[in-house]
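**Student:** Got a predicted model here, sequence first, then my questions.
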Amino acid sequence: MPRLAAKLDRISPFYVMELVKRAAALEAQGQDIVHMSIGEPDFTAIAPVQAAAEAALRAGKSRYTPAVGIPMLREAIAAFQSQRFGVAVDPARIIVTAGASGALQLACTALLDPGAEVLMADPAYPCNRHFVTAAGGMATLVPTSPEDRFQLTAEQVCEHWSARTAGVIVASPSNPTGTSIAPEALADLVREVRRRDGFAIVDEIYLGLSYDSPRRSAAALGEDVILVNSFSKYFHMTGWRLGWLVVPPALVSAFEKLAQNLVICPSAIAQHAALACFTPEAQAEFEARREAFRARRDYLLPEFERLGLHVPVKPDGAFYIYADVSQHAPDSNKLAYRLLEQAGVCAVPGMDFGHAAPERYLRFSYANSLERLQEAVARMGQFFGR
Ligand SMILES: Cc1ncc(COP(=O)(O)O)c(C=O)c1O
């Protein structure tokens, strides 16, 4: 057998997949399961996007595009950044990618030498550390606390920065906690990174889905901050595989060279379809869907407290609630299985997101209809005896 690269040993599986397989087996036996495990909007691409994809297909717009994306889409994204997130960005700095995943892979490949370390919050979206590993680097997970909204702080950057550290990855709002970093805290953190000549990547995939504060992009902090975003969440286009990077002007041509070599270009049809996301009507639909997510969060939070599922920081974005389940059980992984088997509710154990007290937490996704979430609450009420 060919030998695998040693770094593959450092890439862990998604533990929740076993739980999801078990959920599928129970469903096959006729049991009804409420899925609160999936990090994917229950809405699909809006009708104008579907129509634009059909039209592009028929018009033969399916050939390779520029590696950085078609000019019209880069311009539309730049205008969106400025209208929605309050900071003007030169379209020349936009690089269209295959989702935020493609953006993070490109950035890690471009920025990391073998053995370079990258600081990130624990808990965090697990793929972020694996993008670093796949690019030959090492993720340094820094345990965060509810007091800091589960986000990395400037002090932690100073404390954990080593001679091998190349930069930081911040996700705001975060997966799995749905909490964003305070603007001043991010500014302080970026200042410390800058002082050390490092890079700051800010994953803003959930910024469009923020509920309580103005949606301000980290682009406001300066052109050296590298931004990641996606059509997967706010635009509900998960399987279309489309996202983007905003990179410092001086790095655009290097990133472009790498993208040409690694992927040639992002999906042409998806790019042409995505142009339909930026009309006022489309934007109104996305905002209405955002309101639907907010309503689900506002319904769930008090119910969770009633159920003894303590939420230490109010999530202000994304569609996740990271609940402390330690009142009910010492091991959230075992609890997740019991919740699935006995209540028919599927949630993700904290162990998928890092090493900082994962046994205390379950991540619940509210990317499911309000009716199904009400059903989940009723079942958990019975299960927990509340
Ligand atoms: C924080 C975060 N970053 C990046 C991604 C990757 O998303 P995509 O590649 O679909 O844009 C996800 C997906 O769930 C995520 O939660």
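**Tutor:** Arrived safely. Numbers count the residues shown, from 1 in each chain.
**Student:** Please count neighbours and contacts with C-alpha atoms only from this point.
**Tutor:** Will do.
**Student:** Within range of the ligand, give me the residues from the stretch 201-350 of the chain.
**Tutor:** The stretch 201-350 of the chain has residues 205, 230, 232, 238, 243 near the ligand, with proximity defined as Cα under 6 Å from any ligand atom.
**Student:** got a winner among these for most neighbours?
**Tutor:** Highest neighbour count within these: residue 230, with 29 neighbours (other Cα atoms under 10 Å).
**Student:** Any figure for the gap between the closest residue to that residue other than its chain neighbours and residue 202?
**Tutor:** If the residues on either side of it in the chain are set aside, residue 230 comes closest to residue 243, at 3.6 Å by Cα to Cα, 6 or more residues apart in numbering. Distance, residue 243 to residue 202, by Cα to Cα, to the nearest Å: 14 Å.
**Student:** beta partners for residue 167?
**Tutor:** In this entry, residue 167 is beta-bridged to residue 118, residue 199, by DSSP bridges.
**Student:** if we can go back for a sec, now do the same contact list for the residue nearest to residue 230.
**Tutor:** Residue 243 sits next to 96, 97, 98, 99, 100, 102, 103, 228, 229, 230, 231, 232 when contact means Cα atoms under 8 Å, 6 or more residues apart in numbering.
**Student:** so what's residue 112 closest to, chain neighbours aside?
**Tutor:** residue 137 (6.1 Å).
**Student:** so that neighbour makes contact with residue 110?
**Tutor:** No. Applying Cα atoms under 8 Å, one finds residue 137 not in contact with residue 110, separated by 11.3 Å.
**Student:** Overlap in contacts, these two.
**Tutor:** Joint contacts of residue 137 and residue 110 (Cα under 8 Å, 6+ apart) do not exist.
**Student:** Compare neighbour counts for these two and give me the winner.
**Tutor:** residue 137 (25 against 16).
**Student:** Looking at the stretch 251-386 of the chain, which residue is nearest the ligand?
**Tutor:** Nearest residue of the stretch 251-386 of the chain to the ligand: residue 318, at 8.5 Å (Cα to the nearest ligand atom).
**Student:** For burial, what's the neighbour tally of residue 192?
**Tutor:** 20.
**Student:** what does the one 3 residues further on give?
**Tutor:** Residues near residue 195, counting by other Cα under 10 Å, number 9.
**Student:** can you pull the contacts of the nearest residue to residue 342 once chain neighbours are set aside?
**Tutor:** Distance criterion Cα to Cα, 6+ apart; nearest residue to residue 342, sequence neighbours excluded, is residue 383 at 7.4 Å. By Cα under 8 Å, 6+ apart, residue 383 lies in contact with 339, 342, 343.
**Student:** Now list the buried members of those.
**Tutor:** With burial judged by 16 or more other Cα atoms under 10 Å, the buried subset of the contacts of residue 383 is 339, 343.
**Student:** Output the contacts of residue 383 as a markdown table; include the columns secondary structure and pLDDT.
**Tutor:** Output for the contacts of residue 383, formatted as a markdown table (DSSP: H, G, I helix; E, B strand; the rest coil; pLDDT from 0 to 100):
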| residue | secondary structure | pLDDT |
| --- | --- | --- |
| 339 | helix | 97 |
| 342 | helix | 96 |
| 343 | helix | 97 |
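**Student:** mind putting the contacts of residue 383 in TSV, distance to residue 331 included?
**Tutor:** Listed next are the contacts of residue 383 as TSV, based on distance: Cα to Cα, whole Å:
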residue	distance to residue 331
339	12
342	16
343	17
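**Student:** What distance do you get for the residue of the stretch 251-386 of the chain closest to the ligand to residue 333?
**Tutor:** 23 Å.
**Student:** More neighbours: these two, which one.
**Tutor:** A count of neighbours by other Cα under 10 Å puts residue 318 above the other of residue 318 and residue 333, at 33 against 24.
**Student:** Look up phi and psi at the more buried one.
**Tutor:** With angles defined as degrees, to the nearest 10, residue 318 sits at phi 60, psi -160.
**Student:** would you list every one of the strands in the stretch 201-350 of the chain?
**Tutor:** 226-230, 243-246, 320-324, 345-346, 348-349 (DSSP state E, counting those that start in this stretch).
**Student:** Check the offset of the last one from the chain's centre.
**Tutor:** On the basis of Cα atoms, centre = their mean, to the nearest Å, strand 348-349 is displaced by 16 Å from the centre of the chain it belongs to.
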